[in-house]
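[1] What follows is a predicted protein model with its sequence.
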Amino acid sequence: MLNQNFFNQPTLKVAQDLLGCFIIRKVGRKIIRAKIVETEAYNGPRDLASHASRGRTARNAVMFGPAGMIYVYFTYGLHFMLNIVTGKTGYPAAVLIRALEPVEAINHKSKIINLKFNGPARLTKTLAINKTFNHLPIFTRKHGLWLEKPTRQLQPKQIIRAKRIGVDYAGAYKDKKWRYYLKDNNFVSKK
DNA sequence: CAAGAGATCATCT
DNA sequence: GATGATCTCTTGA
């Protein structure tokens, strides 16, 4: 399992290192396991695309806190977004999980189900993640949501850097290549 | 296909 | 009172 130290590093590094990691969601006896294939970094108080760019508020407070905490927010009146807080306490930053590749989904009858994970709002819906996860740690199995290391180390060539999605309002920060995804992966949210 | 609109509400001004 | 780290559906070529 990924521990808190993993997240207590520069945001751009964590966003890349999360690629290939597995996310595990346990609800009762049902376990869903999927591979992270796309992330975006929201990095620091000056990043105009970040919720933290206009200072600390009730919503974004968790981004200012210790690494490894879950930041879930509600947007467009119907979607939840899943982020993991990174970096030092006091430095507001987080990584948005944008897409997952299905690995296995096992219910109590051991049946494999088709699941939709290609998009930040779709994956939270599929994993039944909502605001109750906000401010909980991801470095414990206690809440039924945690991360595990990749089975194999990724080659740097497998990682694509790109502009972030949906942040055209972010001035000088809208073109930062802080979105990362696995090359040729069919499950990323956009090409 | 691509483009546009609507959904729908917490959050911030 | 406006808007958004999105998604789905509809329209039209």
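    Great, that's in hand. Numbers count the residues shown, from 1 in each chain, chains lettered A, B, ... in the order given.
[2] Just after the helix-or-strand element of chain A with minimal mean pLDDT, pick out the following helix or strand.
    Least confident helix or strand, chain A: strand A:93-106 with a mean of 88, by mean pLDDT, DSSP states H and E. Scanning forward in sequence from strand A:93-106 by DSSP states H and E, the next helix or strand is helix A:120-126.
[3] So which elements touch that next one?
    With contacts defined as 3 or more C-beta pairs under 8 Å, 6 or more residues apart in numbering; DSSP states H and E, the packing partners of helix A:120-126 are strand A:79-85, strand A:93-106. C-beta: built from backbone N, CA, C; applies to glycine.
[4] any residue of it up close to DNA strand C?
    Yes: Helix A:120-126 reaches DNA strand C (C-beta under 7 Å from any atom of the strand) through A:Pro120, A:Ala121, A:Arg122.
[5] JSON lines please, covering the residues you listed and showing pLDDT.
    Below are those laid out as JSON lines (pLDDT from 0 to 100):
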{"residue": "A:Pro120", "pLDDT": "97"}
{"residue": "A:Ala121", "pLDDT": "97"}
{"residue": "A:Arg122", "pLDDT": "97"}
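[6] nearest to DNA strand B, of those residues?
    A:Ala121 (9.3 Å; C-beta to the nearest atom of the strand).
[7] list the contacts for that closest one?
    Contacts for A:Ala121 (C-beta atoms under 8 Å, 6 or more residues apart in numbering) come out as A:Tyr76, A:Leu78, A:His79, A:Phe80, A:Met81.
[8] go on, A:Gly44?
    Under the criterion of C-beta under 8 Å, 6+ apart, the neighbours of A:Gly44 are A:Thr11, A:Ser50, A:Ala52, A:Tyr91, A:Pro92, A:Ala93.
[9] Whichever of those residues end up buried, select them in PyMOL.
    Of these, the buried ones go into a single PyMOL selection, burial set by 16 or more other C-beta atoms under 10 Å:
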select buried, chain A and resi 11+50+52+91+92+93
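[10] of the contacts of A:Gly44, list those near DNA strand B.
    Near DNA strand B, judged by C-beta under 7 Å from any atom of the strand, there are no entries from the contacts of A:Gly44.
[11] Now tabulate the contacts of A:Gly44 in TSV and tack on distance to A:Gln4.
    Below are the contacts of A:Gly44 laid out as TSV (distance: C-beta to C-beta, whole Å):
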residue	distance to A:Gln4
A:Thr11	15
A:Ser50	21
A:Ala52	20
A:Tyr91	15
A:Pro92	17
A:Ala93	15
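[12] just the contacts of A:Gly44 now: which is nearest A:Val62?
    Closest to A:Val62 out of those is A:Pro92 (9.2 Å), distances taken as C-beta to C-beta.
[13] Appreciated, that's everything.
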